[in-house]
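Colleague: Quick one, what's the 3D model for this:
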Amino acid sequence: MPELPEVETVRRGLAPHLVGRRIVRVDQRRPDLRWPMPPDLVQVLTGARVTDLRRRSKYILADLDRDASLLLHLGMSGRVRIEGEGLGRFHHDPAVLPRHDHLVLVTEDGTTITLNDARRFGAVDFVRGEDHPLLAALGPEPLDEDSTPERLAAALAGRRTPIKAALLDQRIVAGLGNIYVCEALFRAGIHPTRPAGRIGSERIARLHAAIREVLLQAIEAGGSSLRDHRQTSGELGYFQHSFRVYGREGQPCLRDGCGGTLRRIVQGGRSTWYCPVCQR
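Modeller: Sure, this is the predicted structure:
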């Protein structure tokens, strides 16, 4: 499932083609994805101008010049492609079949933005007002200025759950997923099974810095393309080539002087990769 860097990459690709543009045509080709789409989706979007494009956790929010924001979640296989006469045809992946094009938006300059979702685990909805059930319980954004080591320490205090599971809890840190939690824990030198509430302040500070570092590097690389993620240009992300532990079971640890061999365990039904020597 796309994590924060992949969703942010899509948001950045969409922004120049959506922000400030009016949507002149909406083609809704099915009534639902993971959940039903709003019954007034076409009515509200047609003629609306996009005033801003934001990301909250793993959700993209398109603010409209009316009392609603369009919420988009890519699910497991969702992709967005952009086409237009002045832009050229960006997406050339033959595996992306037109029958999985479920929502098409056309802007006033002729740009076409298409949501393709083969598995239909994504979501399209409206956020009206300040509250939405998918957003209400989310924790702080790890790249925001108000995300601090002290705030992370307070969120983890007293928790007996393993630190890996705690970081996957969207109520503690918004947007993290399996890939970047594994990578951040490795960089911070923290064992994934260590109880979250038993990590000292210095190590929490290293973990906080590692989370920010790995996310920023992944965004710069366009995210990680393992199966379904593509940028809006159709290009692959490249951060998977920088993985230090994820998917590297049995391979040597890349930390200088460590000499350990990476292992894989299963936590909460998900694989965790780590070094048993330098992660404690």
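
Colleague: got the phi/psi numbers for residue 261?
Modeller: phi -120, psi 130 (degrees, to the nearest 10).

Colleague: Which residues does it form beta bridges with?
Modeller: residue 252 (DSSP bridges).

Colleague: can you count the residues close to residue 274?
Modeller: Using other C-beta atoms under 10 Å, residue 274 has 25 neighbouring residues. C-beta here means a position set from N, CA and C on the backbone, and glycine is covered the same way.

Colleague: List the residues that contact it.
Modeller: 182, 185-186, 191-192, 245, 262-263, 265 (C-beta atoms under 8 Å, 6 or more residues apart in numbering).

Colleague: quick one: which of those is nearest to residue 78?
Modeller: Top of the list for closeness to residue 78, among these and by C-beta to C-beta, is residue 182 at 22.8 Å.

Colleague: Give me the longest helix you can find in the chain.
Modeller: helix 201-220 (DSSP state H).

Colleague: Residue 106 against residue 25, yeah?
Modeller: Yes: counting by C-beta atoms under 8 Å, residue 106 touches residue 25, with 4.0 Å between them.

Colleague: thinking again about what came up before, next step: the contacts of residue 274 restricted to strands.
Modeller: 263, 265 (DSSP state E).

Colleague: Now the contacts of residue 274 in a markdown table, please, with extra columns for neighbour count.
Modeller: A markdown table is the format used below for those (neighbours: other C-beta atoms under 10 Å):
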| residue | neighbour count |
| --- | --- |
| 182 | 26 |
| 185 | 26 |
| 186 | 27 |
| 191 | 18 |
| 192 | 20 |
| 245 | 25 |
| 262 | 22 |
| 263 | 16 |
| 265 | 14 |
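
Colleague: want to try JSON lines for the contacts of residue 274, with distance to residue 173 and pLDDT as columns?
Modeller: Below are these laid out as JSON lines (distance: C-beta to C-beta, whole Å; pLDDT from 0 to 100):
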{"residue": "182", "distance to residue 173": "14", "pLDDT": "97"}
{"residue": "185", "distance to residue 173": "12", "pLDDT": "98"}
{"residue": "186", "distance to residue 173": "17", "pLDDT": "98"}
{"residue": "191", "distance to residue 173": "18", "pLDDT": "98"}
{"residue": "192", "distance to residue 173": "15", "pLDDT": "98"}
{"residue": "245", "distance to residue 173": "19", "pLDDT": "95"}
{"residue": "262", "distance to residue 173": "24", "pLDDT": "98"}
{"residue": "263", "distance to residue 173": "24", "pLDDT": "98"}
{"residue": "265", "distance to residue 173": "21", "pLDDT": "98"}
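
Colleague: any idea where the strands of the chain begin and end?
Modeller: 23-28, 50-56, 59-64, 69-73, 78-84, 88-89, 101-107, 112-117, 123-127, 263-267, 270-274.

Colleague: Relative to the second one, what are the paired strands and their orientations?
Modeller: Put plainly, it is strand 50-56. strand 59-64 (antiparallel).

Colleague: Nice, that's everything, thank you.
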